[in-house]
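J.: My questions concern the predicted model and sequence given below.
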Amino acid sequence: QVQLVESGGGLVQAGGSLRLSCAASALTFSSYGVGWFRQAPGKEREFVTGTNWSGARTYADAVKGRFTISRDNAKNTVYLQMNSLKTEDTAVYYCAARKYYSGSNPTDYNYWGQGTQVTVSS
């Protein structure tokens, strides 16, 4: 059974950094695209960043220059390094996977993690 497990969330002050991890089981990340999404209270789930199986990356405008997605296929893990955090980055962060490609449409993804809370205080 495929499982994606996020970790690394927490409470941080504005301007600080966090690194989220997304570890997969029963799924080989090297042939999957992985996306990070987030959902704040009362808002729709939104795309943050994604990486294709080839390593190509895309970012939402709101996080460009501050967030970095990376993958370690040997560890079957994808990371989200978040720097210069802002209060508006507060949300539950989810990783998701689909074969080969990432993308900004959450309905394209087959597998989802349970989410990890990121709270940025002012």
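T.: Cool, got the structure. Residues are numbered from 1 along each chain as shown.
J.: hey, let's count contacts and neighbours off CA atoms from now on
T.: Fine.
J.: Just the helices from this structure, written as ranges.
T.: Per DSSP state H, the chain carries no helices over any range.
J.: which residues of it score low on pLDDT?
T.: Low-confidence segments of the chain (pLDDT under 70): none present.
J.: From the centroid of it, which residue is nearest?
T.: Nearest residue to the geometric centre of the chain (C-alpha atoms, centre = their mean): W36, 2.6 Å.
J.: Not counting its neighbours along the chain, what's nearest that residue?
T.: C95 (4.5 Å; C-alpha to C-alpha, 6 or more residues apart in numbering).
J.: Please tell me how far that neighbour sits from A14.
T.: 23 Å (C-alpha to C-alpha, to the nearest Å).
J.: Give me the more crowded residue out of the two.
T.: Higher neighbour count among C95 and A14: C95, with 31 against 17, using other C-alpha atoms under 10 Å.
J.: Report the beta-bridge partners for G35.
T.: Beta-bridge pairing for G35 (DSSP bridges): G50, A96.
J.: Contact partners for V63?
T.: Each residue near V63 by C-alpha atoms under 8 Å, 6 or more residues apart in numbering is listed here: V48.
J.: rerun at 10 Å
T.: Applying C-alpha atoms under 10 Å, 6 or more residues apart in numbering to V63 gives the contacts 48-49, 82-86, 89.
J.: where along the chain do the strands fall?
T.: Assigned by DSSP state E, the strands in the chain fall at 3-7, 10-13, 18-25, 32-39, 46-51, 57-59, 67-72, 77-82, 91-99, 111-112, 116-121.
J.: Parallel or antiparallel, list what pairs with the second one.
T.: Sheet neighbours of strand 10-13, with direction, are listed as strand 116-121 (parallel) (DSSP bridges).
J.: chain center to the strand it pairs with: distance?
T.: Offset of strand 116-121 from its chain centre (C-alpha atoms, centre = their mean, to the nearest Å): 13 Å.
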